[in-house]
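Undergrad: make a model of this:
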Amino acid sequence: MPAVSKGDGMRGLAVFISDIRNCKSKEAEIKRINKELANIRSKFKGDKALDGYSKKKYVCKLLFIFLLGHDIDFGHMEAVNLLSSNKYTEKQIGYLFISVLVNSNSELIRLINNAIKNDLSSRNPTFMCLALHCIANVGSREMAEAFASEIPRILVAGDTMDSVKQSAALCLLRLYKTSPDLVLMGEWTSRVVHLLNDQHMGVVTAAISLITCLSQKNPDEFKTCVSLAVSRLSRIVSSASTDLQDYTYYFVPAPWLSCKLLRLLQCYPPPEDGAVKGRLVECLETILNKAQEPPKSKKVQHSNAKNAILFEAISLIIHYDSEPNLLVRACNQLGQFLQHRETNLRYLALESMCTLASSEFSHEAVKTHIETVINALKTERDVSVRQRAADLLYAMCDRSNAKQIVAEMLSYLETADYSIREEMVLKVAILAEKYAVDYSWYVDTILNLIRIAGDYVSEEVWYRVIQIVINRDDVQGYAAKTVFEALQAPACHENMVKVGGYILGEFGNLIAGDPRSSPLVQFNLLHSKFHLCSVPTRALLLSAYIKFINLFPETKATIQEVLRCDSQIRNSDVELQQRAVEYLKLSSIASTDVLATVLEEMPPFPERESSILAKLKKKKGPGAVSVTELEDNKREGGELNGGADRGPDTAAMAASNASTPSPSADLLGIRSSAPVGAAPTSAGNLLVDVFSEAGPAAPSAAVNDDGFLRDLEQPTETSDSLLVEGSGDSDSAPPSEDPAPPLSEADELLNKFVCKNNGVLFENQLLQIGIKSEYRQNLGRMYLFYGNKTSVQFASFTTTVSCPGELQSQLNVQTKPVEPLVEGGAQIQQVLNIECLTDFSDAPLLNIKFRYGGALQNLTLKLPVTINKFFQPTEMASNDFFQRWKQLSQPQQEAQKIFKANHSMDTEVLKAKLLGLGTALLDNVDPNPENYVCAGVIQTKGQQVGCLLRLEPNAQAQMYRLTLRCSKDSVSRRLCELLAEQF
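TA: Numbering: from 1, shown residues only. Predicted structure coming up:
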């Protein structure tokens with residue numbers, strides 16, 4: 001790079017920067033900047049032509065002013081003129097200004113492209129590098145069209161200097177990432193690959209980044225790079241630190257290049273050439289050997305570089321999965337890291353061993369570290385490390401250690417972070433089922449699971465235990481005895497009541513011979529839980545009661561008395577009322593033979609893969625180590641143990657259903673948790689407020705649609721339920737049309753929920769969507785209720801939640817799938833888990849598609865997830881509030897808006913809205929009692945943002961002044977925008 005002369009010091013620029021730094025206030029700074037802008041504008045417009053130095057100085061000042069946050073609307077032409085200068089510093093400032101301030105749509109692009117072409121053809125390496133850097137920084141499609149064919153020629157030319165080759169490779173990589181269709185290598189492919197043999201290590205490092213990216217998209221075209229990469233890696237690994245003096249980092253030769261070479265090799269299968277493969281195995285063995293050598297430096301940079309190469313080498317060994325010796329050595333090396341004092345190394349070791357556990361060569365070696373992994377699960381402070389330990393235990397589990405691992409995971413569940421409990425529950429359920437040789441152990445495990453983490457036991461888990469018990473005669477008596485004992489606990493989870501009701505209703509006769517579990521004792525035990533349960537569970541218990549009448553005729557009078565009481569036959573819930581009435585009538589008029597036929601024991605379920613495994617696969621996000629996929633690789637014997645993937649249909653236990661519902665069914669009522677396919681309610685107001693503190697109940701099993709006569713005619717069909725796999729017909733196929741754009745009123749609907757969490761989000765003549773949500777710190781859970789207001793079935797019902805643009809990195813939204821069919825008048829529920837990673841301004845999009853009368857309905861709404869939902873209220877005294885207010889005095893930290901009142905300026909309404917915002921409403925803090933002040937902290941995964949709010953109403957003028965001060969400026973602006981619409 002050319003030396004900078006004394007004349008390039010630009011004293012005027014230094015004086016201007018000094019003046020800005022010495023300004024005592026924002027107003028003084030703006031005044032000084034405006035004065036300078038006026039001076040620069042006059043100089044540019046003056047008759048006297050400016051020399052290159054002056055242009056450079058003034059362009060630098062404009063650039064500095066822009067970096068301070070002020071808009072610059074002139075000076076672009078002068079910057080372009082600097083590109084034609086022959087002085088390095090002037091050309092450099094011109095390119096810098098263009099890279100920062102000129103967008104791809106500028107009218108000056110053609111002039112800029114011409115200047116860049118001149119510099120690229122000048123053969124001056126310094127000017128060529130500047131031009132290439134500018135192309136890479138701007139990276140627009142227009143530049144790709146102009147230079148995509150020129151840059152490869154520069155890259156492979158024999159007379160191109162090394163520094164230019166480096167810049168050309170990285171510039172081409174940038175253009176390929178932005179416009180891959182324009183960067184066609186073609187004839188240059190082989191010559192680009194041979195850059196791996198270049199003598200200059202910097203050129204190789206830059207070229208390999210380009211080759212790796214190209215290989216991922218076109219592996220066949222670049223497969224010749226494998227042998228060259230192995231050759232280069234071999235030379236680096238076998239060299240001493242003194243051999244590559246300029247590229248040795250803390251005694252580690254070329255660590256970045258080594259990692260990139262190993263990553264490139266992971267794009268391809270093991271080399272077919274024996275010599276190349278042998279050389280690569282030698283390299284990998286050398287890397288593993290060096291990891292065992294004592295460190296040459298105690299500094300962390302040395303160990304970081306050394307371990308980076310080691311982990312990439314282990315990733316390559318795992319990718320090949322063909323060298324037993326290397327796999328076992330890699331496992332042993334990772335085992336040493338499991339007890340390392342560095343948390344990141346322990347995390348990476350656990351993550352890599354999860355993958356190693358799937359290999360037949362290294363599975364046994366991984367199992368030797370089981371005690372260390374269990375200890376990590378119990379003692380690690382970092383929740384992410386504990387989660388990886390749980391993943392590894394799941395991956396290394398087999399028949400020899402299943403009971404130990406399941407017991408440890410159950411023990412950990414009692415204190416596990418609630419964010420990972422549901423996934424832990426699924427893993428325990430899968431392992432218990434997969435490796436259950438003794439099914440009494442399986443039943444004990446699942447019941448213990450429900451006892452410990454009942455809130456996180458999904459329907460699929462308790463459905464599954466029912467299916468297995470029904471399919472295996474040898475465990476039915478034990479299951480009935482065990483669940484009877486579990487129900488005797490003073491407080492047992494509702495899922496336990498569901499399992500108990502179902503199993504005792506089917507197999508209670510197997511334990512009725514013991515006086516301690518006589519039929520009447522069983523019934524009284526179940527009925528003692530009845531009033532504490534939700535509507536779906538009560539419906540299941542009523543079905544169990546009618547089963548009891550068939551199993552134990554001596555209980556008939558007692559059960560009929562229960563069914564006959566007003567709380568049942570006049571229940572406000574139409575489902576419970578209908579069941580009570582029909583069961584009572586059935587027990588009264590049906591003969592013993594009819595009862596025995598209608599209420600016969602459930603037939604075995606057909607064999608299918610467990611739905612729990614499918615659910616766990618869905619929970620694993622992209623990029624995570626999917627231990628469920630590893631499970632498929634090491635599966636011992638195909639299907640999982642036990643029965644089919646179908647939920648126990650409560651209605652198959654007995655007969656019940658309603659007539660066609662009316663369109664005025666209570667879609668969002670207390671009965672909103674009634675199961676899909678259950679008889680929908682036919683009375684009640686559509687807008688009954690169900691968003692009470694109780695929260696939505698878990699949906700129960702589906703109800704038979706054709707009444708009890710179907711049990712008589714087709715007993716095997718009555719067991720179909722929520723978990724039956726779709727038949728694949730056209731009605732159940734998801735719509736393929738692209739999501740519709742958001743509704744015009746989407747923003748208005750979103751604004752209604754800024755200060756509340758519950759209500760009706762959307763309603764038209766077909767569909768009603770209700771919301772109930774709750775938030776804690778940076779986590780939230782939202783329940784969506786979709787109600788069919790018509791008497792016609794919705795087919796192919798699908799919902800998709802997406803985070804557009806930057807929101808993907810700001811908000812993490814996980815959804816549970818919904819049922820594809822929504823009966824007329826019925827309602828289904830969907831659960832969303834939300835995690836705030838950092839502050840955000842956009843809202844997630846909810847797309848709903850379904851077929852109504854054959855026509856596709858497609859609508860998109862904005863989900864009411866706003867940044868204020870993650871507020872934690874903060875109480876403050878007056879002195880503390882104003883002290884903090886003064887600390888947040890930076891101009892960018894404050895957002896203020898004066899606006900006319902949109903609603904009535906009622907005091908109680910204002911207070912309710914401010915409390916609904918999520919902040920603490922502080923009394924007796926503001927000197928003016930008419931004003932409102934609030935304080936809170938927004939919790940995100942990455943940071944906490946303190947916020948203070950002041951609302952000054954002017955009742956006489958019907959105006960407000962809203963002022964927000966936050967420790968992050970983007971939060972201040974977003975909250976100000978949201979709140980201005982609320983008052």
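Undergrad: what about the spatially most central residue of the chain, which SS state?
TA: With the centre of the chain defined as its mean C-alpha position, the nearest residue by C-alpha atoms, centre = their mean is residue 812, 4.0 Å away. Following DSSP: H, G, I helix; E, B strand; the rest coil, residue 812 is assigned to strand.
Undergrad: where's the closest residue to it other than its chain neighbours, which helix or strand?
TA: Sequence neighbours aside, residue 835 is the residue nearest to residue 812 in space, at 4.1 Å (criterion: C-beta to C-beta, 6 or more residues apart in numbering). Where C-beta positions appear, they are placed from N, C-alpha and C, glycine not excepted. Remark: residue 835 resides in strand 827-836, with elements defined by DSSP states H and E.
Undergrad: please compute how far the helix or strand just after that strand lies from its chain's middle.
TA: Using DSSP H and E, the helix or strand that directly follows strand 827-836 along the chain is strand 845-852. The chain centroid and the centroid of strand 845-852 are separated by 21 Å under C-alpha atoms, centre = their mean, to the nearest Å.
Undergrad: from the contact counts, what lies against strand 845-852?
TA: Strand 845-852 is packed against strand 794-802, strand 855-862, with contacts defined by 3 or more C-beta pairs under 8 Å, 6 or more residues apart in numbering; DSSP states H and E.
Undergrad: burial of the closest residue to residue 553 other than its chain neighbours, as a residue count?
TA: Leaving aside its sequence neighbours, residue 553 sits nearest to residue 592 (C-beta to C-beta, 6+ apart; 7.8 Å). Other residues within reach of residue 592, judged by other C-beta atoms under 10 Å, total 9.
Undergrad: one more: residue 18?
TA: Using other C-beta under 10 Å: residue 18 sits among 9 other residues.
Undergrad: please apply the same query to the one 10 residues further on.
TA: Neighbouring residues of residue 28 were enumerated by other C-beta under 10 Å; the total is 13.
Undergrad: give the helix, strand or coil label for it.
TA: Per three-state DSSP, the secondary structure class of residue 28 is helix.
Undergrad: and the gap between the residue nearest to residue 553 and residue 554?
TA: Going from residue 592 to residue 554 by C-beta to C-beta, to the nearest Å gives 13 Å.
Undergrad: check residue 161 too.
TA: For residue 161, the distance to residue 554 - C-beta to C-beta - is 100 Å.
Undergrad: circling back to that earlier point, measure the residue nearest to residue 812 to residue 384 for me?
TA: Applying C-beta to C-beta, the value for residue 835 to residue 384 is 13 Å.
Undergrad: likewise for residue 599?
TA: From residue 599 to residue 384 the distance is 51 Å (C-beta to C-beta).
Undergrad: out of the two, which sits in the busier spot?
TA: Neighbours per residue (other C-beta under 10 Å) separate residue 599 from residue 384, with residue 599 holding more: 26 against 14.
Undergrad: these two touch, right, that one and residue 546?
TA: Yes. Using C-beta atoms under 8 Å, residue 599 is in contact with residue 546, at 6.4 Å.
Undergrad: where does residue 784 sit: helix, strand or coil?
TA: strand.
Undergrad: which positions in the helix or strand harbouring residue 115 come out as buried?
TA: Assessed by DSSP H and E, residue 115 sits inside helix 109-120. Neighbour-count burial for helix 109-120, counted by 16 or more other C-beta atoms under 10 Å, picks out 109, 111, 112, 113, 115, 116, 119, 120.
Undergrad: ramachandran angles for the closest residue to the second one other than its chain neighbours?
TA: The shortest distance from residue 111 to any residue that is not its chain neighbour, by C-beta to C-beta, 6+ apart, is 5.2 Å, and that residue is residue 80. According to degrees, to the nearest 10, the main-chain angles of residue 80 amount to phi -60, psi -40.
Undergrad: what of the one 3 residues further on?
TA: Torsion angles at residue 83 (phi, psi; degrees, to the nearest 10) stand at phi -60, psi -30.
Undergrad: quick check, pLDDT for the closest residue in space to it that isn't next to it in sequence.
TA: Nearest residue to residue 83 in three dimensions, chain neighbours excluded: residue 115, at 3.8 Å (C-beta to C-beta, 6+ apart). We have a pLDDT of 90 for residue 115.
Undergrad: pretty sure residue 115 contacts residue 80?
TA: Yes. Contact criterion C-beta under 8 Å: residue 115 and residue 80 qualify, at 6.8 Å.
Undergrad: so where is this protein shaky, pLDDT-wise?
TA: Scanning the chain for pLDDT under 70 picks out 1-9, 47, 104-106, 241-243, 607-737.
Undergrad: before we move on, what SS does residue 974 have?
TA: helix.
Undergrad: what residues are up against it?
TA: Taking C-beta atoms under 8 Å, 6 or more residues apart in numbering, we find residue 974 in contact with 839, 840, 841, 867.
Undergrad: so how far is residue 943 from the nearest residue to the third one once chain neighbours are set aside?
TA: Just to be clear, that refers to residue 841. Leaving aside its sequence neighbours, residue 841 sits nearest to residue 974 (C-beta to C-beta, 6+ apart; 4.7 Å). Applying C-beta to C-beta, one obtains 15 Å for the distance of residue 974 from residue 943.
Undergrad: list the residues that contact residue 761.
TA: 749, 753, 769, 770, 771, 784, 861, 864.
Undergrad: nope, residue 152 is what I was after
TA: 168, 172, 185, 188, 192.
Undergrad: from those residues, which is closest to residue 179?
TA: Nearest to residue 179 among those: residue 172, at 11.1 Å, using C-beta to C-beta.
Undergrad: if you rank the contacts of residue 761 by neighbours, which is first?
TA: Neighbour max across these (other C-beta under 10 Å) = residue 770, 26 neighbours.
Undergrad: list phi and psi for it.
TA: In terms of degrees, to the nearest 10, the main-chain angles of residue 770 are phi -110, psi 160.
Undergrad: tell me the secondary structure at residue 819.
TA: Secondary structure for residue 819, judged by three-state DSSP, is coil.
Undergrad: kindly report the same for residue 755.
TA: Under three-state DSSP, the three-state class of residue 755 is coil.
Undergrad: is it in contact with residue 913, as I believe?
TA: Yes. Taking contacts as C-beta under 8 Å, residue 755 lies within contact range of residue 913: 4.4 Å.
Undergrad: find residues that contact each of these two.
TA: Residues touching both residue 755 and residue 913 (C-beta under 8 Å, 6+ apart): residue 982.
Undergrad: what about residue 878, how many neighbours?
TA: Applying other C-beta under 10 Å, we find 14 residues neighbouring residue 878.
Undergrad: now the residue lying closest to it once chain neighbours are set aside: how far from residue 895?
TA: Excluding its sequence neighbours, the residue lying closest to residue 878 (C-beta to C-beta, 6+ apart) is residue 925, at 4.6 Å. Separation of residue 925 from residue 895 (C-beta to C-beta): 20 Å.
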